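>>> Take this sequence and fold it.
(one chain, ligands or ions: 1)
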Amino acid sequence: MTNDTPYDFIAIGLGPFNLGLACLAEPLDGVRSLFLEKKNQFAWHSGMLLEGTTLQNPFLADMVSMADPTNPLSYLNYCKQQGRLYTYYIRENWYLTRQEFDRYCKWAAAQLKNVRYQHNVQEIWHDPKRACYVVAGACGPHNTAFQLLTKKLVIGIGGVPYIPACFTKAEGAVEAVHTSNYLSNKANLQRCKNITVIGSGQSGAEVYQDLLLESERHRYTLNWVTRASRFFQMENAKLTLELITPDYGNYFYGLKPEVKHKVLDDQRSIYNGINQSLIERIYETLDERSHREAPATRQMTNLALKHCEYVSGSGQWALTFEHTQLGHHYIHFTDGLVFATGYRYQLPSFIEGIRERIRWDSAGRYDPSKSWAVDHQNREIYVQNVGLQSHGLTNPDLGLACYRNSRLLAELTGQDPYPCEPHTAFQDFAPAADSGFELLDGQGTFS
Ligand SMILES: Cc1cc2nc3c(=O)[nH]c(=O)nc-3n(C[C@H](O)[C@H](O)[C@H](O)COP(=O)(O)OP(=O)(O)OC[C@H]3O[C@@H](n4cnc5c(N)ncnc54)[C@H](O)[C@@H]3O)c2cc1C
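Okay, the predicted model is just below:
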């Protein structure tokens, strides 16, 4: 095999989704895969590896188990290899801490031979003569140019931190940070007299609780502000969790786009809310500190950020909010500011060279097939974790990573090395042919 022999597929990015794909691909005989990551090692949201925070999925949502429980890169084998299987068994720790998940992923990544770090993909183009793609970029400590050939591509580059458009960076301004950089900025934030956290998803709640616990020691006041109408809890009732199954994903994919949009809006509390245990811990902390002379803290709902400006004279941020129900406007001055405003997908610049080969929807986003292919032939370019609008809430969930990766491998290899169970939910999302519920004609009439 020469350097000119194209890989069967090259995957770009090594977050948990592509790491799972790498773990499942490596044991497959005759499959030549390569994973390119721009960082110098695997690292999972390192700015948010807060003490005690946990995954929102059970430990079985590791890199391999839901596709192949016998794979040696399972979490349980990680415990065994670390000599910690009994500790884990006795601890009965269903939800791993995020630090532990990161350690496990690093361990799994270190076993793989099909990964290259410090490889920043900058350009991709199609070479019709060789009937393959050329993946190019810079690698290593000196940004040396590289070019690699591949028949197929998997793009798994995650999202980028989202900060509301009304925010502009200010020279010499005191702390304004996104949660993605929270840990490295925490000490600076805690020197502020007051801190405002904006956003009420899981990350916002974790940062609020972390700052709240230390507010008495550092004597800052703390506000937690959201435009949502409540600090809502992530739903985890069993029959609701059946919506995070392959069965539901398949059903959702077949819905009309306008229906999908409404359904997703209705499902926000399944994929966007705060863990029940964290809400309980916040409440307990609030109650405990209310008996002491603790610095003030407030939780405020219905406030949408409209304007955010640095007032250099006072060294504070002036935040203007609109109350979403009363219509009133408010201004608030704060020293420290944390944006817990999530992530957005940003089209990478390397897409430009293959733009013509990709199918786009009317909003300029990828338009993935049911098997996550985005090229016109549905057999060359695949995407990970960018199909919320097409594939629904199953798209960003780590619990379905193994499923998607097993389907991707079926597409990428033309075999089905990790077949999925035929049924994954008890409930019917639409009546099946044998359900006794017969389909009527378009008018709903019975003749
Ligand atoms: C704090 C936090 C906690 C979360 N917890 C959960 C949870 O408990 N359960 C759950 O289901 N979901 C959770 N999520 C959501 C989701 O699972 C994670 O965001 C997950 O990391 C997404 O994985 P990914 O592989 O798509 O992308 P990422 O983890 O973002 O990884 C993408 C990788 O691609 C690399 N990359 C980007 N561009 C290039 C390039 N040009 N060349 C080479 N490499 C590149 C990046 O360096 C990065 O390493 C959480 C998200 C956050 C932010």
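>>> Pairing partners for residue 137 in the sheet, please.
residue 121, residue 146 (DSSP bridges).
>>> Now do the contacts for it.
36, 119, 120, 121, 122, 123, 145, 146, 350 (C-beta atoms under 8 Å, 6 or more residues apart in numbering). No exception for glycine: its C-beta is placed from N, CA and C like everyone else's.
>>> can you do 7 Å?
119, 120, 121, 122, 123, 146 (C-beta atoms under 7 Å, 6 or more residues apart in numbering).
>>> and those, which are buried?
Buried positions within the contacts of residue 137, assessed by neighbour count (16 or more other C-beta atoms under 10 Å), are 119, 120, 121, 122, 146.
>>> Keep those residues, but drop any that are not near the ligand.
Applying C-beta under 6 Å from any ligand atom to the buried ones among the contacts of residue 137, one finds that 120, 121 fall near the ligand.
>>> so can I have TSV of the buried ones among the contacts of residue 137 showing distance to residue 69 and pLDDT?
As requested, the buried ones among the contacts of residue 137 are exported to TSV (distance: C-beta to C-beta, whole Å; pLDDT from 0 to 100):
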residue	distance to residue 69	pLDDT
119	31	98
120	35	98
121	33	98
122	38	98
146	36	97
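>>> Going by distance to the ligand, which of the buried ones among the contacts of residue 137 wins?
Of all these, the one sitting nearest the ligand is residue 121; the distance, using C-beta to the nearest ligand atom, is 3.8 Å.
>>> For residue 425, see how far away the closest one is.
Using C-beta to C-beta, to the nearest Å, we find residue 121 at a distance of 37 Å from residue 425.
>>> tally of neighbours for the nearest residue to residue 184 once chain neighbours are set aside?
Here the nearest residue to residue 184 in space, its sequence neighbours aside, is residue 47; by C-beta to C-beta, 6 or more residues apart in numbering that works out to 6.3 Å. Summarising burial for residue 47: neighbours were counted as other C-beta atoms under 10 Å, giving 18.
>>> got it, and residue 342?
Counted with other C-beta under 10 Å, residue 342 comes out at 18.
>>> now residue 335
20.
>>> following the lowest-mean-pLDDT helix or strand in the chain, which helix or strand shows up next?
When the helices and strands of the chain are compared on mean pLDDT, DSSP states H and E, helix 268-271 comes out lowest with a mean of 88. Scanning forward in sequence from helix 268-271 by DSSP states H and E, the next helix or strand is helix 276-289.
>>> elements contacting that next one?
In terms of contact count using 3 or more C-beta pairs under 7 Å, 6 or more residues apart in numbering; DSSP states H and E, helix 276-289 is assigned the packing partners helix 202-213.
>>> Just the buried positions in the next helix or strand after the helix it packs on, please.
Sequence order places helix 215-218 as the next helix or strand after helix 202-213, per DSSP H and E. By neighbour count, with 16+ other C-beta under 10 Å as the criterion, the buried positions of helix 215-218 are 215, 218.
>>> Give me the angle between whatever helix or strand comes next after helix 215-218 and helix 202-213.
Helices and strands here follow DSSP H and E; after helix 215-218, the next one along the chain is strand 221-225. Using axes from the mean of the first three to the mean of the last three C-alpha atoms, to 10 degrees, the direction of strand 221-225 lies 160 degrees away from that of helix 202-213.
>>> nearest residue to the residue in the stretch 1-150 of the chain that the ligand sits nearest to other than its sequence neighbours?
Sorted by distance to the ligand under C-beta to the nearest ligand atom, the residues of the stretch 1-150 of the chain start with residue 15, at 2.1 Å. With sequence-adjacent residues excluded and distances taken as C-beta to C-beta, 6+ apart, residue 15 is closest to residue 158, at 4.8 Å.
>>> pLDDT wise, what is the residue of the stretch 51-200 of the chain found nearest the ligand at?
Of the residues in the stretch 51-200 of the chain, the one nearest the ligand is residue 158, at a distance of 2.0 Å by C-beta to the nearest ligand atom. As summarised for this prediction, residue 158 has a pLDDT of 96.
>>> Could you pick out the residues of the stretch 251-400 of the chain near the ligand for me?
Checking the stretch 251-400 of the chain against the ligand by C-beta under 6 Å from any ligand atom, the hits are 348, 384, 385, 396, 397, 398.
>>> Quick check on the residues you listed: which are buried?
For these, a neighbour count by 16+ other C-beta under 10 Å gives the buried set as 384, 385, 396, 397, 398.
>>> Now render the residues you listed as JSON lines, adding pLDDT and secondary structure.
Below are those laid out as JSON lines (pLDDT from 0 to 100; DSSP: H, G, I helix; E, B strand; the rest coil):
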{"residue": "384", "pLDDT": "97", "secondary structure": "coil"}
{"residue": "385", "pLDDT": "95", "secondary structure": "coil"}
{"residue": "396", "pLDDT": "93", "secondary structure": "coil"}
{"residue": "397", "pLDDT": "95", "secondary structure": "coil"}
{"residue": "398", "pLDDT": "97", "secondary structure": "helix"}
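>>> my guess is residue 318 is in a strand, correct?
Yes: assignment of residue 318 by DSSP: H, G, I helix; E, B strand; the rest coil places it within a strand.
>>> Thought residue 311 was touching it, still the case?
Yes: in this structure residue 318 lies within contact range of residue 311 using C-beta atoms under 7 Å: 5.3 Å.
>>> and residue 349, how many neighbours?
The number of residues packed around residue 349, counting by other C-beta under 10 Å, is 10.
>>> Also residue 356?
By other C-beta under 10 Å, the residues close to residue 356 number 9.
>>> likewise residue 247?
Using other C-beta under 10 Å as the criterion, residue 247 is surrounded by 20 other residues.
>>> which ones are touching the closest residue to it other than its chain neighbours?
Leaving aside its chain neighbours, residue 247 sits nearest to residue 425 (4.2 Å; criterion: C-beta to C-beta, 6+ apart). Taking C-beta under 7 Å, 6+ apart as the contact definition, residue 425 lies against 242, 245, 247, 248.
>>> Doesn't the third one belong to a strand?
So that's residue 247. No: assigned with three-state DSSP, residue 247 falls outside any strand and is helix.
>>> close enough to count as contact, it and residue 421?
No: under the contact definition of C-beta under 7 Å, residue 247 does not touch residue 421, with a separation of 9.4 Å.
>>> Tell me how far residue 358 lies from the ligand.
Note on residue 358: its distance to the ligand, by C-beta to the nearest ligand atom, to the nearest Å, is 16 Å.
>>> which phi and psi does that residue have?
Residue 358 has phi and psi values of phi -100, psi 150 when expressed as degrees, to the nearest 10.
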